[in-house]
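> Fold the following.
(chains A and B, ligands or ions: 1)
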Amino acid sequence: MPKLNMVEALNLALAEEMARDNQIILLGEDVGQLGGVFRVTDGLQARFGPDRVIDTPLAESGIVGTSLGLAVGGFKPVAELQFMGFLYPALDQIISHISRYRNRTRGRYSLPLVIRMPYGGGIHAPEHHSESTEAILAHIPGIKVVIPASPYDAKGLLISALRDPDPVIFLEPKRIYRAIREEVPEGEFTVPLGQAKIVRAGDQVTAIAWGAMVRETLRAAEEVGEEGISVEVIDLMTISPLDDATLVESIQKTGRGVVVHEACRTGGLGAEIIARLMEKAFLSMAAPIERVTGFDTVFPLLKLEEHYLPDAFRISRAIRKVFNF
Amino acid sequence: MLFEDYDPLAGRRLSILSPEGEIDEELRPPELDDVALLELYDRLVALRQADQQALILQRAGRMGTYPPTLGQEAANIGSAAVLEPQDWLVPSFRETGAMLLKGVPLKLIYLYWMGCEWGSHFPLEVRVLPVCAPVSSQTLHGIGLSWAAKLKAENSVTLIYLGDGGTSKGDFHEAMNFAGTFKTPAIFFIQNNQYAISVPRTRQTAAPTLAQKAIAYGFPGMQIDGNDLLAVYLATGAAVTRARSGQGPSLIEAVTYRLGPHTTADDPTRYRSAEELEEQKRFDPLRRVRIYLENRGLVTAETEAARQAQHQQWAQEQAREAEAAISYNPDEIFDYHFAHLPPYLVEQKAYCQRIVAAKRESGHA
Ligand SMILES: Cc1ncc(C[n+]2csc(CCOP(=O)(O)OP(=O)(O)O)c2C)c(N)n1
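Now for the predicted structure:
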């Protein structure tokens, strides 16, 4: 089995699904000849032609809004937005229309479309290229929001997203685009949407993360593991809808939890997760759940970003804190 | 005058200085005599050196991603040269030269691309907005500024820069519409460098020119040779005169070419040919001014070498000053967020300080 990084795994998923389903078309800025600024769509225009891998004008609202029409018109558009920092002009289309089409038309129209974009910090990028505002998306009813943390899951989740009858937003943690290689099978396999995954078993503390923070959390779990604290690490993989069951079951076992996200703290997904665990597992808890998050500030330019981003150091402190509560 | 006589649908492109270094004396702006031209040429060379230095810094890991201006020097310098101190300049992100000319110190521009927020802390009197990373959103800010000037009856104009890709964004169209409707003293200056990263101009619009976009919004637009310092100067000057005399906005499409990559993270060989690039080098905006000045005996091989060395030294000094000014203090993540730090941020700042101290203690960098 080939060892692929996340970019290659995503590319493979797109290529295989496009070969299988000729309704799938890719559109976005620089996705064609350039193969995307991160090369996720590399080689696909050469293989499938310029009518299926389409360089669009530079207009996010246009890309996403026309995707709606393309979907109603019988295609399965996969729109790429170049960076999550440039998602906002398209939010109007996502919130005002895409998220509610099925409901508004009482199922007459579903919108089988995928919107992909790289997100997150840690690569010393310029302004507006590092934020993770996934909580905004998770707050919108009617769309699914998926975030892989490994090449294998990236491929399996993207295939599921491409086959989903409803709109899926697919966020790709660019910091780990090329940082991890693992075996990713060729050919068909899926990883289901809406299901979290236990990526490290443990029974004393539950640590919940997604995207690039999964790796940092695993590092922290290793570190405190040497001190005798057994941490279960859960990769959320889909942040909307949330897989409450896996989280609740884990907290019932460990009684202690830490949620890690690089997004701002206030109104972040951590707050939602903790609220749900309070609702569903309050009596199992032996300590208040800790949050390790980005700060409620603008994501700093590269010289200060290391202080902004949660890392294994900060996460292990939080784990010790809930453990020793 | 110039604008009223120009029909952007007729397929004309204003040009004064030919690639062979010959000036159409009839169109030459009178204030641009040889001495003034030599001064502007000096700015072109300075910009090229500043840019060159940025690339060196980036390759050495001393700067983050940087968008070079290579090939677009005339569009940068010729346009900003016509502004008065009270005028506003609203950049996109490829206006190192225009910002310099308006008075932003190079070290601040370096500092910004080195990844430090102090790089956007401009002296107020230069009247330049910070670099705008999201494409085209600055066009609306510029119209707001020019609107404010109009409401206050202030004699200032606002020069707004954007790229050809930027003309596809909704914000640009909203800005154009507001500008026309409220007749604000603004200039849309499009640096049409033929590509938005990899996507060619023909993929942004089916219209033959970008200049003609102005027609639909009720004000004039003009296409010019953006590699021609004199044409840029003349057209922007005319637009400024229109704006200052209450005639409202204008649009200039400066047709130029990005000789380098989109940014230092880009690989242009993936989307354009070596032949195209070679062909375009013939229209290098510096080269043609230099030929003209050489023919007039105002520039020689020696003065050229001395000029380059001088500007190179300046750029190196500015880089050193920028690096000396980089602030690594994590408190700054919080300190400039609001005028008064709310309690939750006071808490987060204290936490950040504890982490930094703990890391230091435990030898974690
Ligand atoms: C809203 C938005 N979408 C995408 C990007 C990513 N991006 C940065 S520059 C650029 C191309 C801009 O092209 P153009 O406007 O022609 O200006 P140029 O870079 O050629 O000077 C793109 C797509 C962005 N910065 N902002």
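> Can you name the helix or strand that residue B:318 falls in?
In the assignment (DSSP states H and E), residue B:318 maps to helix B:301-325.
> ok now the next helix or strand after that helix, how far from the chain's centre?
Using DSSP H and E, the helix or strand that follows helix B:301-325 in sequence is helix B:332-335. From the chain centre to the centre of helix B:332-335 is a distance of 29 Å (CA atoms, centre = their mean, to the nearest Å).
> same thing with stretch B:181-196?
Computed by CA atoms, centre = their mean, the chain-centroid distance of stretch B:181-196 equals 12 Å.
> Is there contact, residue-wise, from that stretch to the ligand?
Yes - in terms of CB under 6 Å from any ligand atom, part of stretch B:181-196 sits within range of the ligand, namely B:191, B:193, B:195, B:196. Where C-beta positions appear, they are placed from N, C-alpha and C, glycine not excepted.
> what does stretch A:63-79 give?
No - contact of stretch A:63-79 with the ligand (CB under 6 Å from any ligand atom) is absent, the minimum separation being 9.6 Å.
> Can you list the helices and strands that the helix holding residue B:318 packs against?
helix B:34-59, helix B:106-113 (3 or more CB pairs under 8 Å, 6 or more residues apart in numbering or on different chains; DSSP states H and E).
> What segments of the stretch 201-350 of chain B are helices?
Taking DSSP state H, counting those that start in this stretch as the criterion, the stretch 201-350 of chain B carries its helices at B:213-217, B:229-244, B:274-281, B:285-295, B:301-325, B:332-335, B:343-361.
> okay, now the residue in the stretch 251-365 of chain B positioned nearest to the ligand: neighbour count?
Closest approach between the stretch 251-365 of chain B and the ligand, counting by CB to the nearest ligand atom: residue B:262, at 5.5 Å. Neighbours of residue B:262 under the rule other CB atoms under 10 Å in any protein chain shown: 24.
> From residue A:249, how far out is the closest residue to chain B within chain A?
Going by CB to the nearest CB, chain B is nearest to residue A:302 of chain A, at 3.2 Å. According to CB to CB, to the nearest Å, residue A:302 stands 40 Å off from residue A:249.
> do residue B:326 as well
Residue B:326 is 48 Å from residue A:249, by CB to CB.
> same question, residue A:65
Applying CB to CB to residue A:65 and residue A:249 gives a distance of 41 Å.
> between these two, which one's more packed in?
Between residue A:65 and residue A:249, counting by other CB under 10 Å, residue A:65 is the more crowded of the two (21 against 16).
> what residues are up against residue 240?
I'll assume chain A. A:137, A:138, A:140, A:143, A:144, A:145 (CB atoms under 8 Å, 6 or more residues apart in numbering or on different chains).
> try again with chain B
B:82, B:83, B:87, B:157, B:159, B:187.
> next one: residue A:256
Counting by CB under 8 Å, 6+ apart, residue A:256 has contacts A:204, A:205, A:206, A:285, A:286, A:287, A:289, A:322, A:323, A:325.
> how does it look with 7 Å?
By CB atoms under 7 Å, 6 or more residues apart in numbering or on different chains, the residues touching residue A:256 are A:204, A:205, A:206, A:286, A:287, A:322, A:323.
> pLDDT weak spots in chain B?
Chain B contains residues with pLDDT under 70 at B:1, B:365.
> near chain A, which residues of it?
Applying CB under 7 Å from any CB of the partner chain, one finds that chain B approaches chain A through B:64-65, B:114-117, B:133-135, B:165-166, B:168-170, B:196-199, B:203-204, B:270-271, B:326, B:328, B:330, B:332-334, B:337, B:344-345, B:348, B:352, B:355-356, B:359, B:364.
> Quick check: PyMOL command selecting the buried ones in those.
A single PyMOL command selects the buried members of those (16 or more other CB atoms under 10 Å in any protein chain shown):
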select buried, chain B and resi 64+65+114+115+116+117+133+134+135+165+166+168+169+170+196+197+198+199+203+204+271+326+330+332+333+334+337+345+348+352+355+356+359
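> OK, contacts around whichever residue of chain B sits closest to chain A?
Residue nearest to chain A within chain B (CB to the nearest CB): residue B:115, separated by 3.2 Å. Residue B:115 makes contact with A:124, A:301, A:302, A:303, B:64 under the criterion CB under 7 Å, 6+ apart.
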